[in-house]
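A.B. asks: here you go, sequence then predicted model.
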Amino acid sequence: MKFNRKLAAVLLTLLLTVSMSGCTLVNVNADKDNAQVIATMDGQDILKSEYNNYMALTEISYKANSTSMPTGSNLTSLKQQVYDSLLQQKALYLEAKKEKLTADEASAKSTADSQIKSDKSTLGDDAFAKILTDNNTTEEAFTSWYQNFQVESAYATAALQDYSQKIEKDTKIVLDETVGKVGDTDVSRGEYYYYYIGEELTNYMTTGSGLSTDDASVAETNQTIFDTIALNEANIQYCEEHNIEITDAAITEQQKTLQTTFSYFFSDDSTANSFLQSYYMDKTEYESYQKQEAKAEAAKAAIKKQCEEDATYSEYALEKQYVNNPDSYDTSVASAMHILTTDEDLAKQIYEEAKNITSKSDFQKLIDKYKDNESISEATDLGSFDKSTMVSEFSDAVFGADNNTVVGPVETSYGYHVVFVYDKKDGEVQSLDEVRDEIAADLKVTNGDEDYDKLETKLGKELKTDIYDIKTPVQAYAEQLESDFGLVKYENRVGI
């Protein structure tokens with residue numbers, strides 16, 4: 001499977017795009033400050049001079065873009081990002097050298113020289129020099145560092161490209177990583193991504209945008225995902241423990257439903273695959289995770305069915321249902337046409353035109369007149385219906401009218417209706433004995449659903465979730481390299 005993620009650009013953007021702030025050092029001996037060891041990696045000291053120059057680079061970048069510098073906690077966040085970025089690039093550089101990867105060092109140094117020339121031109125010599133002084137460096141030291149920084153960046157890019165190629169050959173490198181636990185079962189990155197995609201598409205459908213990426217929103221999304229995985233696993237386990245069959249046919253049917261929902265967002269498989277590549281999978285891999293969710297949905301349906309079969313009801317509840325819902329057991333039917341609007345004045349106007357109509361054809365002429373009016377919600381023939389089909393206000397008006405008469409405007413939650421009743425057949429209210437089985441079936445469904453809801457609440461608490469610090473694959477790769485090269489940090493020496 002071919003990826004177009006450009007992982008190198010992704011990480012380097014992550015490493016280099018940070019919020020800016022002033023970092024003026026007052027009354028500090030520059031030589032001593034620059035000589036401090038802020039970390040060791042692969043047995044080599046990393047001096048604060050590199051951090052100071054990196055801070056100068058970030059400040060130059062923001063000043064060149066006319067961006068103000070943050071203060072306080074934002075400054076602390078800036079320092080952390082610059083520090084972490086510096087170390088991650090070092091780790092990637094060391095990996096590239098270890099693997100004997102190549103990079104165009106001359107081009108990298110040339111890039112550095114061109115950028116310095118451009119920044120000096122944008123800021124002016126004095127402003128450029130002041131930023132360097134404020135960060136305990138000089139133009140000579142900064143130029144040398146920046147040339148070396150761009151060389152290391154080129155090697156880091158080569159390391160990321162090499163990592164990308166490994167993933168292209170075997171996506172399981174990423175998808176099989178463990179990102180948490182549900183009970184004693186590992187949750188893989190692939191499974192996590194599958195449910196994350198579901199959350200993202202649902203959010204897009206309801207709000208028109210993707211998921212929020214601030215820390216609080218991400219934490220909330222992750223908890224929702226793990227809770228869903230836990231409940232799905234609990235439903236499957238419950239079926240196994242209580243000998244409730246989950247048939248292959250039921251799983252297939254549930255997967256068709258899930259696939260229909262997914263396909264709604266994509267015009268074809270090629271478009272779907274392009275989207276899924278962002279999550280290191282293709283449609284085939286996605287559907288393998290989808291099948292597991294389908295099994296969980298089939299398990300849920302099987303448990304609900306069992307709950308309905310086991311549900312009980314009292315004679316009192318049955319009789320109460322019958323007495324409280326007489327329209328549900330009335331065999332009367334009516335046929336009507338209507339014009340619906342949310343504009344009360346327009347409804348009154350239409351009624352004045354319609355009130356003397358006595359034929360379908362004449363009311364149809366009125367429908368044709370108003371159906372394209374932007375204030376009309378609906379203008380149509382509703383056909384035949386019983387009393388329980390429509391909202392009560394509408395049914396009361398229709399079944400209380402004579403044949404071939406107009407009623408209205410009838411106000412309901414939908415708006416104002418002008419209605420022409422063209423056929424009505426009075427029936428009778430069926431006796432309790434006639435509808436006993438129907439009511440009993442309804443009560444078993446209602447009570448069974450309530451029983452399942454209680455069971456679901458219980459099941460949702462049985463499997464504990466343990467959500468790891470879920471990083472992007474690129475972040476995880478860089479941090480693993482830091483560990484492999486024996487990184488030791490001294491963050492306090494940069495004021496973090």
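C.D. replies: Ah, there it is.
A.B. asks: got the contact list for the residue positioned nearest the centre of the chain?
C.D. replies: Centre of the chain computed as the mean C-alpha position; nearest residue by C-alpha atoms, centre = their mean is residue 200, 2.2 Å away. The contact partners of residue 200, by C-beta atoms under 8 Å, 6 or more residues apart in numbering, come to 210-211. Heads up, the C-betas are built off the backbone N, CA and C, glycines and all.
A.B. asks: and it, that's in a helix?
C.D. replies: Yes: counting by DSSP: H, G, I helix; E, B strand; the rest coil, residue 200 falls inside a helix.
A.B. asks: distance of it relative to residue 269?
C.D. replies: Plainly put, residue 200 is 19 Å away from residue 269 if you go by C-beta to C-beta, to the nearest Å.
A.B. asks: do residue 296 as well
C.D. replies: Taking C-beta to C-beta, one finds residue 296 at 25 Å from residue 269.
A.B. asks: these two - which one has more neighbours?
C.D. replies: Per other C-beta atoms under 10 Å, whichever of residue 296 and residue 269 has more neighbours is residue 296, with 22 against 13.
A.B. asks: and that one, what element?
C.D. replies: Per DSSP states H and E: residue 296 is located in helix 283-310.
A.B. asks: what does residue 106 give?
C.D. replies: helix 105-123.
A.B. asks: and that helix, average pLDDT?
C.D. replies: The average pLDDT for helix 105-123 rounds to 97.
A.B. asks: ok, stretch 349-358 next?
C.D. replies: Mean pLDDT, computed over stretch 349-358, is 94.
A.B. asks: start and end of it, how far apart?
C.D. replies: The straight-line separation of the ends of stretch 349-358 (C-alpha to C-alpha, to the nearest Å) is 18 Å.
A.B. asks: what's the offset of it from the middle of its chain?
C.D. replies: Stretch 349-358 sits 51 Å away from the centroid of its parent chain (C-alpha atoms, centre = their mean, to the nearest Å).
A.B. asks: just to revisit the earlier point, tell me the buried residues in the helix holding residue 296?
C.D. replies: 283, 285-287, 289-304, 306-308 (16 or more other C-beta atoms under 10 Å).
A.B. asks: what packs against that helix?
C.D. replies: Packing partners of helix 283-310 (3 or more C-beta pairs under 8 Å, 6 or more residues apart in numbering; DSSP states H and E): helix 189-207, helix 215-241, helix 248-263, helix 269-276, helix 432-462.
A.B. asks: roughly how far apart are residue 151 and residue 96?
C.D. replies: 11 Å.
A.B. asks: anything in contact with each of the two?
C.D. replies: Joint contacts of residue 151 and residue 96 (C-beta under 8 Å, 6+ apart) are residue 103.
A.B. asks: those helices in the stretch 51-200 of the chain, which residues are they?
C.D. replies: Remark: helices assigned in the stretch 51-200 of the chain by DSSP state H, counting those that start in this stretch are 73-98, 105-123, 125-134, 139-169, 172-175, 189-207.
A.B. asks: can you list these in JSON lines and add distance to residue 67?
C.D. replies: JSON lines is the format used below for the helices of the stretch 51-200 of the chain (distance: least, C-beta to C-beta, whole Å):
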{"stretch": "helix 73-98", "distance to residue 67": "12"}
{"stretch": "helix 105-123", "distance to residue 67": "12"}
{"stretch": "helix 125-134", "distance to residue 67": "13"}
{"stretch": "helix 139-169", "distance to residue 67": "20"}
{"stretch": "helix 172-175", "distance to residue 67": "34"}
{"stretch": "helix 189-207", "distance to residue 67": "29"}
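A.B. asks: which one of those lies closest to residue 214?
C.D. replies: The closest of the helices of the stretch 51-200 of the chain to residue 214 is helix 73-98. By C-beta to C-beta, the value is 13.0 Å.
A.B. asks: where does the chain have low pLDDT?
C.D. replies: 1-28 (pLDDT under 70).
A.B. asks: ok, now how distant is residue 365 from residue 376?
C.D. replies: 15 Å.
A.B. asks: the two: which is more packed in?
C.D. replies: Between residue 365 and residue 376, residue 376 has the larger neighbour count (other C-beta under 10 Å), namely 20 against 12.
A.B. asks: that one and residue 368 touch, don't they?
C.D. replies: No: applying C-beta atoms under 8 Å, one finds residue 376 not in contact with residue 368, separated by 11.5 Å.
A.B. asks: domain map for the protein?
C.D. replies: Following the assignment in automatic domain parsing, the chain carries domains at 7-170+477-494, 184-310, 331-425.
A.B. asks: looking at these, spot the one closest to residue 468.
C.D. replies: With C-beta to C-beta as the measure, domain 184-310 is the member of the domains of the chain nearest residue 468 (8.7 Å).
A.B. asks: how distant is the closest one from the center of its chain?
C.D. replies: 12 Å.
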